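Colleague: Fold the stuff below for me.
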Amino acid sequence: MRPAVVAILCRKWDIFFLTLHAIAGFPEALIFSNMNFVFPGFLFALLAVAIPVVIHLFHFRRYKKVFFSNVSFLKQLSDESKKQSRLKHLLVLASRILAVVFLVMAFARPYIPVEDTFINLEGNAVSVYIDNSFSMEALAQRGSLLQEAREKARQIAGMYQPADQFQLLTNDFEGRHQRFVTREEFTAMLGQVEVSPAFRTVGGVMTRQGSLLRETPLESKRAYLISDFQKSNTLFDDMETDTLVSTIFIPLSAQQTDNLFIDSCWFESPIHLYGQTKTLFVRIVNDSDRSLTGQPVRLFVDDVQRTIASYDVGPRAAAEVSLSWTINTTGLQHGRIEIVDFPVTFDDRMYFSYWVNDEIPVLAVNEGSPGPFLNALFGTDSIFRFEQMPAFSIDYSRFPGFNLIILNGLNTISAGLAFELQNFLEQGGTLLVFPGSAIDYSSYADFLAGIGADPYVRADTTQTRVGMLNDLHPVYTGVFENIPENIDLPQVTKHYVIARQLTSVSQNLMQLQSGAPFLTAQPVNNGQLFLSAVPLNSDFSNFPRHALFVPTLVNIALQSQPFQNLYHVLGQNHQLSVKGVQGRGEAILSLRGMGMEIIPEQRRTGNRWQLFFHDQIREAGNYVLYAGDMPVKGLSFNYDRRESELGAHSPAELSNALSDAGIGNVSLLDTGGADFELALQEMRVGRQLWRHFLMLALLFLLVEVALLRFW
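Modeller: Residues are numbered from 1 along each chain as shown. Okay, the predicted model is just below:
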């Protein structure tokens, strides 16, 4: 068909609708006046309108003679029959004409074109993000949300040309997903998308898509985000839009968003000793609108069930459950907690690890002969492995083998000792300092300044007593049920004044009546420093014979055990620090567990290792860190619980939030359960109208049948 003829036909069609709007006030006429046709050649079939017109004009009915006995009303009856017959024939003719017109229009595939089509015949760059987080395991109308997302991505690719460039992006940000491929390769990659523990915000995804699309020379750039748009990862303040990239949000809705999950766990006390009764607290969250009663929670240690408990939790609430058991083995302990929930199950288990020591190594460095107080306290208790060294003969190489080092009565701290003690603190050790009776202020000042601690400045011979006990400090946790107002505290004959620096972070465990520190605690590098204002000498105070002496020093020793996180969270790329690895030479550290072995990036500084896993661990579970073939430490990893809250933005909320945040160049495609592929076609070429015209054609055919049958 000649283009000029098609243009004339379309133009006449526009004039028809504009006239209809002007005369009859038909509101849709202005919209339809912009209508185009996919197959305008079918409009020649409008000549078929002549067929019902010819039939109407040349249709002659033979009349049958009827004899009447009385002809007085014959003329009136004849007039009435003629008018009804004429009206009926006109209505039938109009129905036939309109049925033919609308049927022809339906075959011509009319549509209202979009203002700015995004399909460029010269090539398109398309980036499609599929949210493959754990929340996409939730059930949709056709399988899981992830299955629905893969199918929608396949339909998006089918809308473009095979030679266009496509880029697939998931939460994993894998290297193979950072390049553009053909449509065939893109479709093949969709089948490999699986659920991942990685967590990404929508803003982070949009930033990555924008940077990748900017690298392509094609001018037509479009990004699609297919996700359930959870409230936990859809933050509108971190979204950055690119004016050259048009972004479309495609929200998916789960049939059910209820979830029950283990949020966290923690020990009542960080001290783990053989024969000790341990209590583990578990926080369980009910993210649903129904109450749950009598739900079981199980605790396993080294794959052996140790205890079980039940709990009740209300709607949209959390419950804390305590699980107690007795430690009957030493060394590395692997534990896990389990609950029962469906269909989202990734957060129904929580793994944790801890180490049980059979003894705590303590070293005392004495100025002269060993004093009686430390040996009486630590030397007779099987929990502690207590050793003593004279100040003039110290084996520095053994320092890393102790958790607590006590300086007992040293008057001078040599430069070598100061250096080794600083390294000991950097490796996470605990240092307790009881000064000598006549200290060298200069050597102590150099040492304490080197580690950023408050120095001794002078001796004070004023008789006083301890006026305040900091019972809130962890050293005194569980020591007192209640503290009476007239509690007996240590008496002090003389003491060293500890000068508090402006940048000091120390805390007073005990404080003199004058407000001066008596015993302080402060973190130093990775370790802990405790500084006493008096030596273990009866000439200075009665503290070594006081009732507070034993719980104070015992708790300092117990809490000197290296702190270890119960677990780590996958996807947060923690830098893990490991102390005291005993390996042969340049031993390589490896992580083993869950049927796999990983060699992480590792950096060694003295006796401490820094480990970087870089998302190498993909599965939650308990793992063991090896130095060569020797187990060193237990590490546990759990999935990120931010994915456990399945609450998502509705399409209306998304649209309003985007509008309120002033985020431009982002549109929302919500089919509301309609055909997604049809919605894509409408976005591509405009609103398809052939179904409407086909329904109108059928309607007027039914009108014709009704007129002929019932009139």
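Colleague: In stretch 341-360, which of the residues would be classed as buried?
Modeller: Of the residues in stretch 341-360, 341, 344, 346-354, 356-357, 360 count as buried by neighbour count, 16 or more other C-beta atoms under 10 Å. All C-beta spots, glycine's among them, are computed from the backbone N, C-alpha and C.
Colleague: Run a quick neighbour tally on residue 366.
Modeller: Using other C-beta atoms under 10 Å, residue 366 has 20 neighbouring residues.
Colleague: Identify the farthest-apart pair in the buried residues of stretch 341-360.
Modeller: Greatest spacing in the buried residues of stretch 341-360, by C-beta to C-beta: 344 and 360 (42.6 Å).
Colleague: tell me the least confident of the buried residues of stretch 341-360?
Modeller: Model confidence across the buried residues of stretch 341-360 bottoms out at residue 357, which has 82.
Colleague: Look up phi and psi at that residue.
Modeller: With angles defined as degrees, to the nearest 10, residue 357 sits at phi -90, psi 140.
Colleague: Which positions are bridged to it in the beta structure?
Modeller: Under DSSP bridges, the beta-bridge partners of residue 357 are residue 273.
Colleague: Over to the one 4 residues further on?
Modeller: Partner residues in beta bridges with residue 361, using DSSP bridges, are residue 385.
Colleague: Same check on residue 495?
Modeller: Counting by DSSP bridges, residue 495 forms beta bridges with residue 460.
Colleague: I'd assumed residue 543 was in contact with it.
Modeller: No. The criterion here is C-beta atoms under 8 Å, and residue 495 misses it with residue 543 at 10.0 Å.
Colleague: The residue nearest to residue 670 when sequence neighbours are not counted - how many residues pack around it?
Modeller: Distances taken as C-beta to C-beta, 6 or more residues apart in numbering put residue 651 closest to residue 670, at 4.0 Å, once the chain neighbours are dropped. Using other C-beta under 10 Å, residue 651 is surrounded by 17 other residues.
Colleague: helices or strands next to the strand or helix carrying residue 554 in the packing?
Modeller: Assigned by DSSP states H and E, residue 554 belongs to helix 549-558. Judged by 3 or more C-beta pairs under 8 Å, 6 or more residues apart in numbering; DSSP states H and E, helix 549-558 is in contact with strand 360-366, helix 372-378, strand 430-435.
Colleague: ok, and which of these has the densest surroundings?
Modeller: Ranked by mean neighbour count, the helices and strands packed on helix 549-558 are led by strand 430-435 with a mean of 24 (mean count of other C-beta atoms under 10 Å).
Colleague: chain center to whichever helix or strand comes after that one, what's the gap?
Modeller: Where DSSP H and E defines the elements, the next helix or strand beyond strand 430-435 is helix 441-450. Taking C-alpha atoms, centre = their mean, to the nearest Å, one finds helix 441-450 lying 47 Å from the centre of the chain it belongs to.
Colleague: and if you look at stretch 652-665?
Modeller: Here stretch 652-665 is found 22 Å from its chain centre; the criterion is C-alpha atoms, centre = their mean.
Colleague: Report the rounded mean pLDDT for it.
Modeller: Regarding stretch 652-665, the rounded mean pLDDT is 85.
Colleague: Name the residues of it that come out as buried.
Modeller: Residues 654, 655, 657, 658, 663 are the ones in stretch 652-665 that count as buried (16+ other C-beta under 10 Å).
Colleague: Tabulate the residues you listed (a markdown table), appending secondary structure and distance to residue 642.
Modeller: Formatted as a markdown table, those follow (DSSP: H, G, I helix; E, B strand; the rest coil; distance: C-beta to C-beta, whole Å):
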| residue | secondary structure | distance to residue 642 |
| --- | --- | --- |
| 654 | helix | 19 |
| 655 | helix | 24 |
| 657 | helix | 19 |
| 658 | helix | 22 |
| 663 | coil | 22 |
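Colleague: can these go into a markdown table with extra columns for distance to residue 477?
Modeller: Shown next, in a markdown table, are the buried residues of stretch 652-665 (distance: C-beta to C-beta, whole Å):
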| residue | distance to residue 477 |
| --- | --- |
| 654 | 48 |
| 655 | 52 |
| 657 | 45 |
| 658 | 50 |
| 663 | 49 |
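Colleague: Going by mean pLDDT, which of the helices and strands packed on helix 549-558 comes out lowest?
Modeller: Mean pLDDT values for the helices and strands packed on helix 549-558 show the minimum at helix 372-378, a mean of 92.
Colleague: who does that helix touch, helix- and strand-wise?
Modeller: Here helix 372-378 is seen to pack against strand 360-366, strand 384-390, helix 549-558 when contacts are counted using 3+ C-beta pairs under 8 Å, 6+ apart.
Colleague: Pull the residues that contact it.
Modeller: Under the contact criterion C-beta atoms under 8 Å, 6 or more residues apart in numbering, helix 372-378 has outside partners 362, 364, 384, 386, 388, 406, 408, 536, 544, 549-550, 553-554, 557.
Colleague: winner for burial among the helices and strands packed on helix 372-378?
Modeller: Mean neighbours per residue, mean count of other C-beta under 10 Å, is largest over the helices and strands packed on helix 372-378 for strand 360-366, with a mean of 22.
Colleague: Domain map for this protein?
Modeller: Domain assignment of the chain by automatic domain parsing yields the ranges 3-62+75-115+690-710, 124-256+646-685, 360-558, 568-638.
Colleague: Dump the ones you listed into TSV; add distance to residue 330 as well.
Modeller: Formatted as TSV, the domains of the chain follow (distance: least, C-beta to C-beta, whole Å):
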stretch	distance to residue 330
domain 3-62+75-115+690-710	72
domain 124-256+646-685	32
domain 360-558	12
domain 568-638	13
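Colleague: out of the ones you listed, nearest to residue 276?
Modeller: Across the domains of the chain, residue 276 has its closest neighbour in domain 360-558 (10.0 Å, C-beta to C-beta).
Colleague: from the chain's centre, how far out does the closest one sit?
Modeller: Relative to its chain's centre, domain 360-558 lies at 44 Å (C-alpha atoms, centre = their mean).
Colleague: end-to-end on that domain?
Modeller: Using C-alpha to C-alpha, to the nearest Å, the end-to-end distance of domain 360-558 comes to 7 Å.
Colleague: Thanks a lot, catch you later.
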